[in-house]
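In: Need the 3D shape of this:
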Amino acid sequence: MSHEHLAGLTLRRITSKENPEFRRLLAVHGHSDVRRAEGLCWLEGPRLIQQFVLAVKLAKERPRAPPQWQCDTLVFSEDWLQSQASQALWQPLLEELSSLIRHALVMPDRLFARLAETSSPAGLGLLIASGLAHEEQQVESDRALAGACKTGDGLVLDAIQDPGNLGTLLRTAAAAGTSWVVFTQGSADPFSPKCLRAGLGAQFVLQLFPQQTPEALASVLKASGVDLFAADPLLGQSLFAEPVSRRLGRPAALAWVFGQEGRGLSDYWKIQPDIGKVFIPQSSSMESLNVAAAAAVCLFERHRCLTAF
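Out: Okay, here's the model as predicted:
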């Protein structure tokens, strides 16, 4: 059976690991510096691709949508094409993809496995492009961050190095209605395969800003009138104390700062006098919460306070 065309897609087969298109995919998959420099991101598996397609649809309907990503290269493994592509379950996704991209690559399973993070590759992948190289992203982010502060609450991730934690933080932020996220220097790549799996597409509904120094970031946030809070188990007042709840209940834009596990907040954030510092009351049997769990408590407490005051 010929698979030269599928759901409006024109298919082209590659078989060699030396193929330039395969080598490009391999470089993006395996190297964060390539992803940042070229503004590219590799999505593996139907579930993550479905989340991306949904985010693209929602962005078209929203006046303050994050920067638009574009489909670059769609990839099928031979096995997925033969065993899954004709199933009714995947027809809506394939039709959506064909409206975003016209061509797709088909490769042997042995090649696709080199682009996969799991022992049982999904067999479907999508390379997407932001349209901005890293240097342009940085310039654009410097102009856009002040504007993003006016769109809603934000999250400052201070050198969060574990990609699983970072992805979970992004997913939690998106679920809590957060608008934007900034990473300080030393943070993990939010578009690494592990972070994408943990984030489940949150990267495409949040406004994300490249790594900045705490000093430069704080300057922009303060000038934009953003109220800053930092969570630390050894600092400040209880998250549930009445003065904190009333401050969290103000409608003005607010940003939470969370530090990496182990070290916690960097010294810069700890000594800033105008940052609200809070801790989450907990049993003495445990030293602290996982940073993603702590963020979930804080972000949804902000949501509760907004409706209570």
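
In: switch to C-alpha atoms for all contacts and neighbour counts from now on
Out: OK.

In: ok, now how distant is the closest residue to residue 122 other than its chain neighbours from residue 14?
Out: Nearest non-adjacent residue to residue 122, counting by C-alpha to C-alpha, 6 or more residues apart in numbering: residue 45, 5.0 Å away. In this view, residue 45 and residue 14 are 20 Å apart by C-alpha to C-alpha, to the nearest Å.

In: Equivalent analysis for residue 252, please.
Out: 54 Å.

In: Just give the nearest non-adjacent residue to residue 111, would you?
Out: Going by C-alpha to C-alpha, 6+ apart, residue 111 has residue 17 as its nearest residue, at 6.8 Å.

In: hey, C-alpha coordinates of stretch 171-183 in CSV?
Out: Provided in CSV are the C-alpha atoms of stretch 171-183 (Å, rounded to 0.1, in the frame of the first residue of the first chain):
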residue,chain,number,x,y,z
ARG,A,171,2.2,22.9,33.9
THR,A,172,1.0,24.1,37.4
ALA,A,173,1.5,27.7,36.5
ALA,A,174,-0.6,27.4,33.3
ALA,A,175,-3.3,25.5,35.3
ALA,A,176,-3.4,28.3,37.9
GLY,A,177,-3.9,31.0,35.2
THR,A,178,-0.4,32.4,35.3
SER,A,179,0.4,34.5,32.2
TRP,A,180,4.2,34.6,32.0
VAL,A,181,7.4,32.9,33.3
VAL,A,182,10.9,34.2,33.5
PHE,A,183,14.0,32.0,34.1
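
In: what comes up buried for it?
Out: 171, 172, 173, 174, 176, 177, 178, 179, 180, 181, 182, 183 (16 or more other C-alpha atoms under 10 Å).

In: Throw those into TSV and include secondary structure, thanks.
Out: Putting the buried residues of stretch 171-183 into TSV (DSSP: H, G, I helix; E, B strand; the rest coil) gives the following:
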residue	secondary structure
171	helix
172	helix
173	helix
174	helix
176	coil
177	coil
178	coil
179	coil
180	strand
181	strand
182	strand
183	strand
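
In: export the residues you listed to a markdown table and tack on pLDDT and distance to residue 217?
Out: Below are the buried residues of stretch 171-183 laid out as a markdown table (pLDDT from 0 to 100; distance: C-alpha to C-alpha, whole Å):
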| residue | pLDDT | distance to residue 217 |
| --- | --- | --- |
| 171 | 96 | 22 |
| 172 | 97 | 22 |
| 173 | 96 | 19 |
| 174 | 94 | 21 |
| 176 | 95 | 22 |
| 177 | 93 | 21 |
| 178 | 95 | 18 |
| 179 | 93 | 16 |
| 180 | 94 | 13 |
| 181 | 94 | 11 |
| 182 | 93 | 8 |
| 183 | 92 | 9 |
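
In: Excluding chain neighbours, what is closest to residue 308?
Out: In space, residue 308 is closest to residue 249, 7.1 Å off (C-alpha to C-alpha, 6+ apart).

In: In this structure that neighbour contacts residue 302, no?
Out: Yes: with contact defined as C-alpha atoms under 8 Å, residue 249 counts as touching residue 302 (6.9 Å).

In: In terms of neighbours, single out the busier of the two.
Out: residue 302 (24 against 18; other C-alpha atoms under 10 Å).

In: Secondary structure element holding the more buried one?
Out: helix 291-308 (DSSP states H and E).

In: So for that helix, what gets flagged as buried?
Out: For helix 291-308, using 16+ other C-alpha under 10 Å, the buried residues are 291, 292, 294, 295, 296, 298, 299, 300, 301, 302, 305, 306.

In: can you tell me how far the residue nearest to the spatial centre of the chain sits from residue 218?
Out: Geometric centre of the chain, nearest residue: residue 203, 2.5 Å, by C-alpha atoms, centre = their mean. Note on residue 203: its distance to residue 218, by C-alpha to C-alpha, is 23 Å.

In: got it, and residue 260?
Out: For residue 260 relative to residue 218 (C-alpha to C-alpha), the value is 18 Å.

In: Which of the two has more residues huddled nearby?
Out: residue 260 (21 against 18).

In: who touches the more buried one in this structure?
Out: 157, 158, 159, 160, 161, 291 (C-alpha atoms under 8 Å, 6 or more residues apart in numbering).

In: and which of the residues you listed is nearest residue 80?
Out: residue 161 (33.8 Å; C-alpha to C-alpha).
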